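Asks: just a sequence and a predicted model for now, questions to come.
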Amino acid sequence: MVTSLLTLLACILSCTMLLLGNTLYSVQDVVSALLGEQISGVSFAVNTIRLPRLIAGLLAGFAFGLAGNTFQTMLRNPLANPDVIGITAGSSAAALVCILIFQTSNFVVSVSSVIAGLVTVSFIYAMSRGKSFSIGRLILVGIGIQAMLSSVISYLLMVGDQQDIPTALRWLSGSLNGSQMNSLPPLAITVLICAPIVIVLGKHLSILELGEQSASSLGLNTDRTLMLLILSSVCLIALATATTGPIAFVAFLSGPIAKRLVGVGFSNVIPAGLVGVNLVLAADLIGQFAFDVRFPVGIITGILGAPYLLYLLIRMNRKGSL
């Protein structure tokens with residue numbers, strides 16, 4: 001029921017994004033334009049501006065939601081998500097190097113983001129091993145790596161070509177502005193390949209929450225499962241980041257919201273992806289039409305996510321989880 005309601009809400013938001021803009025078009029005109037009929041003004045606005053923006057929001061929101069929920073569940077900590085532990089920052093730094101320094105193609109940006117995300121995950125894991133693996137140590141190491149990579153991003157903005165800085169800043173804020181159909185295939189292919197892997201293995205996430213030893217005793221091949229989940233999640237995060245920029249807190253919020261909606265005893269993997277979709281689409285509509293000035297989607301999700309992060313830190317500190 002929750003999955004159906006989230007899907008219905010995503011459909012309503014999608015239709016709203018196609019209808020709303022500088023000009024409000026009728027449903028008939030929008031449908032005709034989508035079917036290929038040439039209507040003055042409508043066809044360009046719908047097919048060139050609104051539809052790519054919508055598809056980018058759908059794909060990126062689903063990718064962020066799935067990956068964020070996977071990391072939080074695997075590591076049994078709501079703070080252990082790509083935004084907080086530096087994975088998104090690693091992909092962002094690599095993308096900015098390609099955009100500002102080398103002015104490469106979108107394909108190279110995507111590949112670099114994936115490689116940087118995997119390297120960041122490997123480095124954080126290696127640094128957090130010690131004598132035994134500790135989730136708390138991993139989070140602290142990840143926060144440190146994120147701070148270091150944020151400094152790298154600031155340095156790149158200082159030394160980059162001035163004419164590329166506005167584009168880079170817009171991208172860093174997390175934005176669907178300027179989305180084009182020719183930049184979406186890498187993300188679409190990644191979602192089509194990696195999302196089913198995460199969804200299929202999602203039934204094992206509740207077992208992994210018991211710990212690796214307990215999961216192994218129940219017959220689960222933990223090493224293979226964890227490797228597939230991590231690789232798939234990093235690819236989703238990296239490609240989504242390369243396409244839309246690091247949309248703040250979507251990966252962080254999707255899992256907890258989905259878990260609260262679904263309840264205990266049910267898988268929240270698909271609902272987490274759908275929550276990510278709805279967060280991105282709703283935040284984009286709010287940023288575009290709720291204020292006199294238009295804000296990128298990442299600004300709105302940041303406003304929503306920051307108070308929850310503070311609340312979570314306070315609650316975990318009181319419980320002694322930090």
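Replies: Okay, I see it.
Asks: okay, CA-based contacts and neighbour counts for the rest of this
Replies: Will do.
Asks: what's the average pLDDT for stretch 142-158?
Replies: The pLDDT scores in stretch 142-158 average 92.
Asks: and stretch 255-270, how far out from the chain middle?
Replies: 18 Å (CA atoms, centre = their mean, to the nearest Å).
Asks: oh sorry, the question was meant for stretch 171-191
Replies: 12 Å.
Asks: again with stretch 46-61
Replies: The chain centroid and the centroid of stretch 46-61 are separated by 15 Å, computed with CA atoms, centre = their mean.
Asks: likewise stretch 75-85?
Replies: Computed by CA atoms, centre = their mean, the chain-centroid distance of stretch 75-85 equals 13 Å.
Asks: list the buried ones in the host helix or strand of Tyr308?
Replies: Assigned by DSSP states H and E, Tyr308 belongs to helix 297-319. Applying a neighbour-count criterion of 16 or more other CA atoms under 10 Å, one finds 297-302, 304-305, 309, 313 buried in helix 297-319.
Asks: what residues does it touch?
Replies: With CA atoms under 8 Å, 6 or more residues apart in numbering as the test, helix 297-319 has contacts from 173-176, 246-250, 252-253, 279-280, 283-284, 286-287, 322.
Asks: what's the weakest-modelled helix or strand in this protein?
Replies: Every helix and strand of the chain was ranked by mean pLDDT, DSSP states H and E. The lowest is helix 212-217, at a mean of 74.
Asks: list the buried ones in the helix or strand just after it?
Replies: In the C-terminal direction, the helix or strand that comes right after helix 212-217 (DSSP H and E) is helix 222-244. Residues of helix 222-244 classed as buried by neighbour count (16+ other CA under 10 Å): 222, 225-226, 228-244.
Asks: pull out the buried members of the contacts of helix 297-319.
Replies: 173-176, 246-250, 252-253, 279-280, 283-284, 286-287.
Asks: picking that back up, want to throw the buried residues of helix 297-319 into a markdown table with distance to Val42 and pLDDT?
Replies: Formatted as a markdown table, the buried residues of helix 297-319 follow (distance: CA to CA, whole Å; pLDDT from 0 to 100):
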| residue | distance to Val42 | pLDDT |
| --- | --- | --- |
| Val297 | 24 | 95 |
| Gly298 | 27 | 94 |
| Ile299 | 29 | 93 |
| Ile300 | 28 | 95 |
| Thr301 | 29 | 95 |
| Gly302 | 32 | 92 |
| Leu304 | 33 | 87 |
| Gly305 | 35 | 88 |
| Leu309 | 41 | 82 |
| Leu313 | 47 | 77 |
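Asks: all set, thanks.
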